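Visitor: Please work out how this folds:
(2 chains)
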Amino acid sequence: MIKAILIFNNHGKPRLIRFYQYFSEDMQQQIIRETFHLVSKRDDNVCNFLEGGSLIGGSDYKLIYRHYATLYFVFCVDSSESELGILDLIQVFVETLDKCFENVCELDLIFHMDKVHYILQEVVMGGMVLETNMNEIVAQVEVQNRMEKSEGGLSAAPARAVSAVKNMNLPEIPRNINIGDINIKVPSLSPF
Amino acid sequence: MALKIVKGSIDRMFDKNLQDLVRGIRNHKEDEAKYISTCIDEIKQELKQDNIAVKANAVCKLTYLQMLGYDVSWAAFNIVEVMSSSKFTYKRIGYLAASQCFHESTDVIMLTTNQIRKDLSSPNQYDTGVALTGLSCFVTPDLARDLANDIMTLMSHTKPYIRKKAVLIMYKVFLKYPESLRPAFPRLKEKLEDPDPGVQSAAVNVICELARRNPKNYLSLAPLFFKLMTSSTNNWVLIKIIKLFGALTPLEPRLGKKLIEPLTNLIHSTSAMSLLYECVNTVIAVLISLSSGMPNHSASIQLCVQKLRILIEDSDQNLKYLGLLAMSKILKTHPKSVQSHKDLILQCLDDKDESIRLRALDLLYGMVSKKNLMEIVKKLMLHVDKAEGTTYRDELLTKIIDICSQSNYQYITNFEWYISILVELTRLEGTRHGHLIASQMLDVAIRVKAIRAFAVAQMATLLDNAHLLTGNTQRNGICEVLYAAAWICGEFSEHLENPMQTLEAMLRPKVATLPGHIQAVYVQNAAKLFATVLKGEEGNTDGTAAQEASQLMIDRLPLFVQSANLEVQERASCILQLVKYIQKLQQKDVEVAEEVNALFAGELNPVAPKAQKKVPVPEGLDLDAWINEPPSESESEDEQPKAIFAKEEPKHSRPRHTEVDEKELARRREARKQEQANNPFYIKASPSSQKVYQEAPGVEHIPVVQIDLNVPLKVPGLPMSDQYVKMEEERRQKERAEKKKKEKKKRKEKRSGRGKKHDSAPESEEDITPAHMVDIVTEEMPENALPSDDDERDPTDPHKALDIDLDKPLADSEKLPVRSHRAAESQKSPTDGETENATLQEPKKKSSKEKREKKKDKERDRKKSKEEKKKKKHKHEDKEEDLLGGQADEPVLQSEETSQVADPPTSSSTTAEEAATVAAAAPEPSVTAPDSEPDEPKDTEMEETKSSKHKKKKQKKEKEEKEKKKKKKHHHHHHHHSDGAGEESVQNGTVEEEEPLPPMSNYCLLAENSYIKMMMEDADEVYDIQGNLQDGSQVVVSVIFENKCNSFLKSMEFNVLDSLNSKLQRPEGSGPHDGLVVPFQLPPGVSNEARFVFTVQSIVMPQKLKGTLTFIVKNEDDSTHEKLDFKLHFTCTSYLITTPCYSDAFAKLLESGDLKSSSIRLEGVNMPFHHLLARICFHHHFSVVERIDSCASMYSRSIQGHHVCLLVKTSAQTVSIDAKCDEPTLLGNVLDEIKQTFSQC
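Guide: Numbers count the residues shown, from 1 in each chain, chains lettered A, B, ... in the order given. Have a look, this model is predicted:
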């Protein structure tokens, strides 16, 4: 089981949090801080597994994370999950994001947290891995996006917002997440 | 229409969407909190608006704020509103918000049940998907119970997308509602072989999660998984299965043997590291379970270790980490294979990655032997010095202690060395583990008698240099060590060289800065030391030393008397008075030493941690019984101010027990003494501990090294443990030499090893004898201790409830709760309560009422099975399905068989219904045992297969028809989730607390004579909702037959005189006047239900059909033919189907202008409005669209698609109903019927 999925940036700002077990908001923030503290002080060339923090889980739980450019993707899982499998799952998730957002960057996650959630929902459900095939995930997400579009969408012009954002000159626009060069040599599960 | 119509208007009035909010927050870096609070105010305004789009947008923003740590639970109700929007876009937002912030104690969750159910059965698979995803995050026990059946149905959905979600969510449902596991399991198992790999993977996932917690219940699935493992190519599935096998093998070693080969093959063949790694893991698990160490498996172990070595040597840190992790598992059973890689592991201790270092440390734990312990610990001590972070250093510290203390200090050959290691560890700055070191010191000093003298000397030095430890108040953790030091010096003060000096050290003023509990120990042990000093000076004629000691105590103790700590104060003042008295006696030259020593006589022995729990409860003692009657409530209120003393109460109760058991206690004490006398490991109160060793059996050959106290004690602060390594080396060499000599002498003599411990370490390991007698005092357990070790499992573990035997065939009572069909039942609990109240007053009515309840239950089951049947496509599935459905109503199938023998299936048109009818018709005791579950014969697998075969045959014929039916499935669904008018009104948010509804029943008496009673529920289930008008529509009538006489009723035939408009559906080939055989017989007092299908042409008018029931009354000796006439009354209402309608659609419908209107007024209706609505919903099959105060709009639809809309208003006792319908005749009749309903009450 996956207990929580956290995405935060290099400064510990949460970009997406998804707990599969109830924690109060305060506790959630504490967990994010603790996890960030644990993860951020690790070099990039150390292993991607961490014994769970004191707040979340316990001895049975592990933090499995990947660091992409400005973002940390952290999964908190118990011993029923394969460590390398989860690492691959993170990769699949990020690649899916990359496909859905067309070259994803941190800004996409910032402004479209809801969409990231919807994508995640097609990958993990209730703490269990739902789908690992990227094409399948992307297909389902796209069908749902089309449905949304046909209903007129939430706001009339999501495109307008995106373009506005892209034109804004924000001081710390992060670099694109470059999926290409973070191919940390993970023994890949041959195609799921 | 005074209805407030919310139309899905497109105008978007909101000014800020999620992106704007995010942008705003980013632009207000300095006053973020202030900005967000204004945003929240805006959101609150938006949520007040009627436009669902505005609300959805607001909820979407809240979801973002929730991520930033803002509590948004106040908007829970709005979230539910957005969830229930008909648009997918909004619904998805609602469910996302709900999944982020709902949890079990969110009270609005209970309002969502119907909405979720509706979404689950939505024709749009993504609505269903979104609902399933959301539900998986906030499912509660109530939701799980209410929706289990719906979800189970979805497991056979046509879309794999829904199937896999439904399968996954079942795990959550099981966790919250364990009763669902058994009924749902067969289908879950079926999904293991689903054609879609995603669904299959989900099923494997769920079963693996289940099996991980309660593996023994899933052993029977092993062959299936084995098949999957050898056939699947999906690595994800393979990993899960292989992990599952890892959990199963410890329970079934034979499985393990079978697994070795395919796993080994996988290890050799796979290129995926993750799979390789899991294979190795499982092979290890298998080998552990086969710990008997079969020779041909050593190859497997070698293979594993070799593969792991490759992983550890890999440059990828992740692989290195996992390699070490797996290695530690092998270590437990095959330490030898791992120990040969010690170099590699020690190398990992120097890795820059902390996780890897920690794993390597774990491994060291299992790799130590007597031979290398000192060496390894030495290396670790070096790391302790180097370690920069306190966490890692603390980890090292605990590991050192763990390694040394494991299995009762098995590997420690020289305890002096260990004590000096502990003393060295006290020099660690800022460690949190002072108490750990302290407890080790205490443990060793108490349990290893030979070391006491040495330990006491070391502790005395520690006490003397206490300022080094307490110098910095920040490093508080380590001063715990002083607690141990003081206690050891006091308790074993006879070993002290210079007790006076230690006494002085313990009474220094600086001690007062220590934590209270340590001071208390200081004071108490100062008294012990004092006693020792007195004893030492006993012989001396000049008692100056003794008097000095008394004076010292009297001088220093007042400091402690003033302590703020109660414990310290109390002990100090007690001891101070005592010493003062002793001083007086000393001045009179009275010898007091012996009396003072008697204060501290006796020895303390360690008590096992579980000892308290293991004390058996004596026979006849009821711990739950009141000792005193509980005080009345008024009394307890009076006592409130005394609450501070509440703690004393248990103490009062305890002596009572002992009084009772005084004799028993004495007996036990005797027994314990006896046992202790016989226990070689129990150290008796003998004055010299050294002696004990020499007397102990079987240890003569162990050379006891006299502790050389002349070795100058090192000043703490200098490392000294190293010297022991050297000493030990020399000692061993000497021993070896001696041993060789000995062995030459007694070559043929068996080598005497300490057989108790079976280390598989090399031979030389056995030869290493400890420097000290490792006679470790065992921990005390109460006599008669219960041997059970059942205290391992956490009682709060949710998985405990899932420890359910899944192989046992399903019992009748085990079915998922199926939602009721009618409004009254959706409000079941209040109704039940009412019924109960009623039964208290009218016991006579009880049985019949309960019977009705039961009937309904029955009916629900029937519907369920029917529904399932209709979904089937393949014959194969059909069969499986029947196994499942049939299990619920097994006897049914039996009775079907009998009936089929008499009346072979011939028709194609009615058999489906008939089968369904039959399927529900189980004999049921009603009058005699109304409370018990139907006392039906136990089902067996034999019967199941037989009957399912039977069905299969039948289904062949019915297949065609069924497929036709299947198309209409969705309507069926509609029909199903349309219940609960009462609930719906709650959902609309206007009804909060209302009186419970009176019980309602749809059954009316049809006819009755002295033999039999017929009750009818009209038009319960309706097919052919759309189209097929030429063929007419079908109406199903349920009739309950109740045997009222004492004879057996059989050969019942049901016949109706068809009218032009309505016809009874008869099996093909039978004439228009033939009766239908009722497919069951009725023993005395039993009732049962049969269903008959009628074809109706026009539904605008009510119908009356005359009919006759003929039957044979069979007595013991004779039998008579009897008949009963009845009239079937088809009201117009019975052609209406409860259909939900959204307010916007409703509004559109009214605006369309196609409808004719009509109205009625009801006078003198004296009931609450919601009762009125519930009655209309229940009796006339309407659903509430919207309700505002005392005004409600309702909707229903006829089987031929007529819309019927009502607007019900009430004021005082007058109810006015305005109605619209596209068929005025139908409307008029329906209104008349409504009027009649209310005129009756």
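Visitor: How many neighbouring residues does the closest residue in space to B:Asn525 that isn't next to it in sequence have?
Guide: Leaving aside its sequence neighbours, B:Asn525 sits nearest to B:Gly490 (CB to CB, 6 or more residues apart in numbering or on different chains; 2.6 Å). The C-beta positions use only the backbone N, C-alpha and C, and glycine is treated the same way. A count of nearby residues for B:Gly490, using other CB atoms under 10 Å in any protein chain shown, gives 28.
Visitor: cool, the one 5 residues further on as well?
Guide: Taking other CB under 10 Å as the criterion, the count of residues near B:His495 is 21.
Visitor: Would you enumerate the residues in contact with it?
Guide: Neighbouring residues of B:His495 by CB atoms under 8 Å, 6 or more residues apart in numbering or on different chains: B:Arg452, B:Ala453, B:Val456, B:Ala457.
Visitor: where's the residue nearest to B:Asn525, which helix or strand?
Guide: In this assignment (DSSP states H and E), B:Gly490 forms part of helix B:480-491.
Visitor: Packing partners of that helix?
Guide: helix B:434-447, helix B:452-464, helix B:466-470, helix B:499-506, helix B:516-537 (3 or more CB pairs under 8 Å, 6 or more residues apart in numbering or on different chains; DSSP states H and E).
Visitor: Dump the first one to PDB, restricted to CA.
Guide: What it means is helix B:434-447. The C-alpha trace of helix B:434-447 is given here as PDB (Å, rounded to 0.1, in the frame of the first residue of the first chain):
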ATOM      1  CA  GLY B 434      21.600   7.700  28.200                       C
ATOM      2  CA  HIS B 435      18.800   5.600  29.600                       C
ATOM      3  CA  LEU B 436      19.800   2.800  27.200                       C
ATOM      4  CA  ILE B 437      23.300   2.700  28.500                       C
ATOM      5  CA  ALA B 438      22.000   3.000  32.000                       C
ATOM      6  CA  SER B 439      19.700   0.000  31.600                       C
ATOM      7  CA  GLN B 440      22.500  -2.000  30.100                       C
ATOM      8  CA  MET B 441      24.800  -1.200  33.000                       C
ATOM      9  CA  LEU B 442      22.100  -2.200  35.500                       C
ATOM     10  CA  ASP B 443      21.200  -5.400  33.500                       C
ATOM     11  CA  VAL B 444      24.800  -6.500  33.300                       C
ATOM     12  CA  ALA B 445      25.600  -5.700  36.900                       C
ATOM     13  CA  ILE B 446      22.600  -7.500  38.200                       C
ATOM     14  CA  ARG B 447      22.700 -10.500  36.000                       C
END
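Visitor: List the buried residues of it.
Guide: B:434, B:436-447 (16 or more other CB atoms under 10 Å in any protein chain shown).
Visitor: wait, B:Met67 sits on A:Lys13?
Guide: No: in this structure B:Met67 lies outside contact range of A:Lys13 using CB atoms under 8 Å: 9.9 Å.
Visitor: So between those two, which is more surrounded?
Guide: B:Met67 (23 against 16).
Visitor: for the more buried one, what are its contacts?
Guide: Applying CB under 8 Å, 6+ apart to B:Met67 gives the contacts A:Pro14, A:Leu16, A:Ile17, A:Met113, B:Gln100.
Visitor: The fourth one is in contact with B:Leu18, isn't it?
Guide: Yes: between A:Met113 and B:Leu18 there is a contact under CB under 8 Å: 7.4 Å.
Visitor: Overlap of the contact sets of these two?
Guide: The overlap between the contact sets of A:Met113 and B:Leu18 (CB under 8 Å, 6+ apart) consists of B:Tyr64.
Visitor: Would you mind listing the outside residues contacting the host helix or strand of B:Met374?
Guide: Using DSSP H and E, B:Met374 maps to helix B:373-386. Residues from elsewhere that reach helix B:373-386 (CB under 8 Å, 6+ apart): B:346, B:349, B:361, B:364, B:367-368, B:393, B:396-397, B:399-400, B:403-404, B:411-414, B:417, B:421, B:424-425, B:428, B:721-722, B:724-725, B:728.
Visitor: that older thread, quick one: which of the contacts of B:Met67 is nearest to B:Leu1150?
Guide: When the contacts of B:Met67 are ranked by distance to B:Leu1150 (CB to CB), B:Gln100 comes first, at 37.8 Å.
Visitor: Are we agreed that that closest one is in a helix?
Guide: Yes: checked against DSSP: H, G, I helix; E, B strand; the rest coil, B:Gln100 lies within a helix.
Visitor: Find me the pLDDT at it, would you?
Guide: pLDDT recorded at B:Gln100 is 91.
Visitor: With adjacent residues omitted, what lies nearest to A:Glu81?
Guide: Residue nearest to A:Glu81 in three dimensions, not counting chain neighbours: A:Ile2, with 6.8 Å by CB to CB, 6+ apart.
Visitor: Which strand or helix spans B:Leu311?
Guide: Secondary structure (DSSP H and E) places B:Leu311 in helix B:298-313.
Visitor: so after that helix, what's the next helix or strand?
Guide: Later in the chain than helix B:298-313, the nearest helix or strand by DSSP H and E is helix B:317-333.
Visitor: Ends of stretch A:109-117, what's the gap?
Guide: Length of stretch A:109-117, first residue to last, CA to CA, to the nearest Å: 10 Å.
Visitor: May I see the buried residues of that stretch?
Guide: Within stretch A:109-117, the residues scored as buried using 16+ other CB under 10 Å are A:Leu109, A:Ile110, A:Phe111, A:His112, A:Met113, A:Asp114, A:Lys115, A:Val116, A:His117.
Visitor: distance between the lengthiest helix in chain A and the chain's centre?
Guide: The residue-count maximum for a helix in chain A (DSSP state H) belongs to helix A:83-101. Averaging C-alpha positions (CA atoms, centre = their mean, to the nearest Å) puts helix A:83-101 8 Å from its chain's average.
Visitor: Output the contacting helices and strands for that helix.
Guide: strand A:62-68, strand A:71-77, helix A:106-111, helix A:113-123, helix A:134-150, helix B:235-248, helix B:273-289, helix B:317-333.
Visitor: partners of the second one, with directions?
Guide: Paired neighbours of strand A:71-77 in the sheet (DSSP bridges): strand A:2-9 (antiparallel), strand A:62-68 (antiparallel).
Visitor: you'd agree B:Ser1193 is in a helix?
Guide: No: counting by three-state DSSP, B:Ser1193 is located in no helix; its state is strand.
Visitor: Okay, now the unreliable bits of chain A?
Guide: Applying pLDDT under 70 to chain A picks out residues A:52-53, A:55, A:57, A:153-192.
Visitor: that older thread, what comes up buried for the helix holding B:Met374?
Guide: Quick answer for helix B:373-386 (16+ other CB under 10 Å): B:Leu373, B:Met374, B:Ile376, B:Val377, B:Lys378, B:Leu380, B:Met381, B:His383, B:Val384.
Visitor: now it: mean pLDDT?
Guide: 85.
Visitor: ok, now stretch B:607-621?
Guide: Computed over stretch B:607-621, the average pLDDT equals 78.
Visitor: can you tell me the helix or strand for B:Gln1236?
Guide: Using DSSP H and E, the element containing B:Gln1236 is helix B:1224-1240.
Visitor: Any buried residues in that helix, and which?
Guide: Neighbour-count burial for helix B:1224-1240, with 16+ other CB under 10 Å as criterion, is recorded at B:Leu1226, B:Leu1227, B:Gly1228, B:Asn1229, B:Val1230, B:Leu1231, B:Glu1233, B:Ile1234, B:Thr1237, B:Phe1238.
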